[in-house]
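>>> got a predicted structure plus its sequence, pasted below:
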There are 2 protein chains.
Amino acid sequence: MRSDIKPVRPDRTLLRQAVTDRIKTYIIDNRLRPGDSLPTETELCDALNASRSSLREAIKTLSALDIVEVRHGSGTFVGRLSLSSLVESLTFRGLLSPGDDVRALRDLVDVRQLFEEGMAGRIIDRLDEAHVASLERAAAELERCAPGSAPQIKADRQFHRLLMEPLGNQLVSQLTTAFWDVHAIVAPYLGMSSPQEDAEAMAAHRAMVEAARRRDVDAFAAAVVQHYAPVRRRIAAADPG
Amino acid sequence: MRSDIKPVRPDRTLLRQAVTDRIKTYIIDNRLRPGDSLPTETELCDALNASRSSLREAIKTLSALDIVEVRHGSGTFVGRLSLSSLVESLTFRGLLSPGDDVRALRDLVDVRQLFEEGMAGRIIDRLDEAHVASLERAAAELERCAPGSAPQIKADRQFHRLLMEPLGNQLVSQLTTAFWDVHAIVAPYLGMSSPQEDAEAMAAHRAMVEAARRRDVDAFAAAVVQHYAPVRRRIAAADPG
DNA sequence: GGACATTTGTCCGTATGTATC
DNA sequence: GGATACATACGGACAAATGTC
């Protein structure tokens, strides 16, 4: 009968939920860091009195949040705690309704501009020569590469990431990159950008670097506005309203 | 042999990943909206040539991102696409290292302040009488309720949500609320706030409302700084550096 | 390179709990 | 309450990937 093992579960909560919680507390209580290995599935099943199916479903939930990372044939590890789930969530939202994604993209551009414009003062406060030089290089790379090419896209991502680096705020950096990633996936649905628009963006990047070098906050903020102007025009043009 | 169905999977990708992708495209292609129902597990297994286990693991991944929502005994539905995954991800990060969460919390406060300070101008531009009245009510509720009580906490959440409402930007509103939620979970680890700090926060809320009524952007921004000053002092005090 | 143990990925069958009509 | 439809949970078996000797 084995009635002593698992008589009933008077619990109201789902077993899977309880398992995910216990895995999270396991990581916290044992002071594990990203990359550290977790017990094997069999061991966890034992420890948590759950079947392998339930455990695996719990693991998949944590995996989606990058709290754990599973490697086939190797094991389960603490995840990098990236914002990949935010990216996936927002891109899906943007792709959900092609007619309505103008709104999602407009909201996103607002947020991206908020970050760079709102942080302008603090960025310039903390900027040093090395940072300016890095920005300079990224902007040059951006102008040298072919518009829309993979290296250029990579350089653009790098540029906006470097902008926030002087702040020393990991969350700001990661959010900035996450929003950039979402933008890069959703924006193409507005159609390819024209050469004029590309030139405008280039000029804006250059203006940001120049303003940063001169420690001119207002000029920097103005360059940020200039940078997002082309996308905003496209969004306005596609807006049914 | 049924070799025509799925002879081998030359794919390098995991079946589970393929299933999650196909469910996402199913939702997008069929123009489903949050709350719409999805096929049952059995039907999905059939359609995607996957076993129940694989399908369920895929569903759990999508459920963690609030892309689908599962109701026991009822069925599977399109999720609300909330930012619950962001909240869970960031709270876990904040709780991961009690010694280091000062940094996580400081980063978070920076972002919260960035939103409210950076949006000050636009908020006041679009604010109307009804908005001011709502803020007034929330601030009054905040002062009437006992410090730390559930109604007060709820009122504080509501206040910061209402602040962003005039912008008409759903993403900003949801991010603001998400960051508030994380803050509410992580901040208590710094210890209870003192009556003086509570009074300071109250005064800041009131100052924001007054500044909004007078359309005084600078005063509004100053009130935002004042609002986060107590937490910042606590963070600085707890900072080992 | 090859053999082998370890670990996760996938499948199946069955029983139980839950919501809806 | 009963019947039905559906998700939850269990356990066993084999496949595939990884790492090691």
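Nice, I can see it. Numbers count the residues shown, from 1 in each chain, chains lettered A, B, ... in the order given.

>>> show me what contacts A:L190?
Residues in contact with A:L190 (CB atoms under 8 Å, 6 or more residues apart in numbering or on different chains) are A:V102, A:L105, A:V231, A:R234, A:I235, A:A238. (Each C-beta comes from the backbone N, C-alpha and C, glycine too.)

>>> any idea which of these has the most stuff around it?
With neighbours taken as other CB atoms under 10 Å in any protein chain shown, the top of these is A:L105, carrying 23 neighbours.

>>> wait, isn't that residue in contact with A:A184?
No: contact between A:L105 and A:A184 fails when scored by CB atoms under 8 Å: they sit 11.4 Å apart.

>>> among the contacts of A:L190, which one lies nearest to chain B?
A:L105 (10.0 Å; CB to the nearest CB).

>>> nearest residue to the closest one in space, please, no chain neighbours.
Spatial nearest neighbour of A:L105, excluding adjacent residues (CB to CB, 6 or more residues apart in numbering or on different chains): A:V186 at 5.5 Å.

>>> and whatever helix or strand the one you found lives in, what's buried?
Per DSSP states H and E: A:V186 is located in helix A:170-186. Judged by neighbour count (16 or more other CB atoms under 10 Å in any protein chain shown), helix A:170-186 contains these buried residues: A:171-183, A:186.

>>> min pLDDT across these, which one?
Lowest pLDDT within these is found at A:V186 (93).

>>> confirm for me that it is in contact with A:L95.
Yes: applying CB under 8 Å, one finds A:V186 in contact with A:L95, separated by 6.8 Å.

>>> and whichever strand or helix holds A:E57 with helix B:52-64, angle?
Here A:E57 sits within helix A:52-64, counting by DSSP H and E. Calculated by axes from the mean of the first three to the mean of the last three CA atoms, to 10 degrees, helix A:52-64 forms an angle of 30 degrees with helix B:52-64.

>>> mind checking the pLDDT average for helix A:52-64?
Averaging pLDDT along helix A:52-64 yields 98.

>>> and what of stretch A:150-157?
Here the average pLDDT along stretch A:150-157 is 94.

>>> nearest to chain B: which residue in chain A?
Residue nearest to chain B within chain A: A:G118 (2.8 Å; CB to the nearest CB).

>>> for the residue nearest the centre of chain A, which non-adjacent residue is closest in space?
When chain A is reduced to its mean C-alpha position, the nearest residue by CA atoms, centre = their mean turns out to be A:A178, at 2.0 Å. Once flanking residues are discounted, A:A178 sits nearest to A:L83: 4.4 Å by CB to CB, 6+ apart.

>>> just checking, that neighbour touches A:L175?
Yes: with contact defined as CB under 8 Å, A:L83 and A:L175 form a contacting pair (6.7 Å).

>>> what about the longest helix in chain A?
Of all the segments of type helix in chain A, defined by DSSP state H, the longest one is helix A:217-238.

>>> so how far is it from its chain's centroid?
21 Å (CA atoms, centre = their mean, to the nearest Å).

>>> report all helices and strands that that helix contacts.
helix A:101-118, helix A:120-126, helix A:195-214 (3 or more CB pairs under 8 Å, 6 or more residues apart in numbering or on different chains; DSSP states H and E).

>>> name the residues of it that are buried.
So for helix A:217-238, counting by 16+ other CB under 10 Å, buried means A:217, A:219-224, A:226-228, A:230-231, A:234-235.

>>> what two of those residues are the furthest from one another?
A:V217 and A:R234 (27.8 Å; CB to CB).

>>> now do the phi/psi pair for A:S51.
phi -70, psi 170 (degrees, to the nearest 10).

>>> can you list the residues of chain A near DNA strand C?
A:8, A:12, A:38, A:40-42, A:52-53, A:56, A:59, A:70-76 (CB under 7 Å from any atom of the strand).

>>> which of those residues count as buried?
A:L38, A:R56, A:I59, A:V70, A:T76.

>>> so the residue in chain A positioned nearest to DNA strand D, which state does it fall into?
Per CB to the nearest atom of the strand, A:G73 is where chain A lies closest to DNA strand D, at 2.5 Å. Three-state call for A:G73 (DSSP: H, G, I helix; E, B strand; the rest coil): coil.

>>> equivalent analysis for A:E69, please.
Of the three states, A:E69 takes strand under three-state DSSP.

>>> my guess is it meets A:G75, correct?
No: using CB under 8 Å, A:E69 is not in contact with A:G75, being 9.6 Å away.

>>> in terms of contact, does A:G94 touch A:L105 like I think?
Yes: using CB under 8 Å, A:G94 is in contact with A:L105, at 6.4 Å.

>>> now do the shared contacts for those two.
Joint contacts of A:G94 and A:L105 (CB under 8 Å, 6+ apart) are A:V186.

>>> and the helix holding A:E57, does that touch chain B?
Yes: Helix A:52-64 reaches chain B (CB under 8 Å from any CB of the partner chain) through A:S53, A:R56, A:E57, A:A58, A:K60, A:T61, A:L62, A:S63, A:A64.

>>> roughly how far is that helix from the heart of the chain?
Centroid displacement of helix A:52-64 relative to its chain, using CA atoms, centre = their mean, is 23 Å.

>>> which secondary structure elements does that helix contact?
The contact analysis (3+ CB pairs under 8 Å, 6+ apart) places helix A:52-64 against helix A:15-29, helix A:41-48, strand A:68-71, helix B:52-64.

>>> ok, residues contacting the third one?
Spelled out, that is strand A:68-71. So strand A:68-71 is in contact with A:I23, A:I27, A:L38, A:I59, A:L62, A:S63, A:T76, A:F77, A:V78, A:G79, A:R80, going by CB under 8 Å, 6+ apart.

>>> so where's chain A shaky on pLDDT?
Within chain A, the set of residues satisfying pLDDT under 70 comprises A:1-12, A:98-100, A:240-241.

>>> get me the contact residues on it for DNA strand D.
A:6, A:14-16, A:49-54, A:57, A:71-74.

>>> can we see that at 10 Å?
A:2, A:5-6, A:9, A:11, A:13-19, A:41, A:45-46, A:48-58, A:71-75 (CB under 10 Å from any atom of the strand).

>>> of the residues you listed, keep whichever come out buried.
Buried subset of the residues of chain A next to DNA strand D (neighbour count, 16+ other CB under 10 Å): A:L15, A:R16, A:A18, A:V19, A:C45, A:L48, A:A50, A:S54, A:L55, A:R56, A:E57, A:A58.

>>> these: which two are farthest apart?
The distance between the two most remote of these (CB to CB) is 14.7 Å, for A:A18 and A:R56.

>>> can you get me a residue count around the closest residue in space to A:P195 that isn't next to it in sequence?
Once flanking residues are discounted, A:P195 sits nearest to A:P147: 7.2 Å by CB to CB, 6+ apart. A:P147 is flanked by 17 other residues according to other CB under 10 Å.

>>> OK, contacts around A:P147?
Applying CB under 8 Å, 6+ apart, we find A:P147 in contact with A:S193, A:P195, A:D198.

>>> relative to DNA strand C, how far out is the spatially closest residue to the last one that is not a sequence neighbour?
Computed as CB to CB, 6+ apart, the closest residue to A:D198 that is not its neighbour in sequence is A:P147, at 4.7 Å. A:P147 sits 39 Å away from DNA strand C, going by CB to the nearest atom of the strand, to the nearest Å.

>>> again, but for A:F179
Distance of A:F179 to DNA strand C, computed by CB to the nearest atom of the strand: 29 Å.
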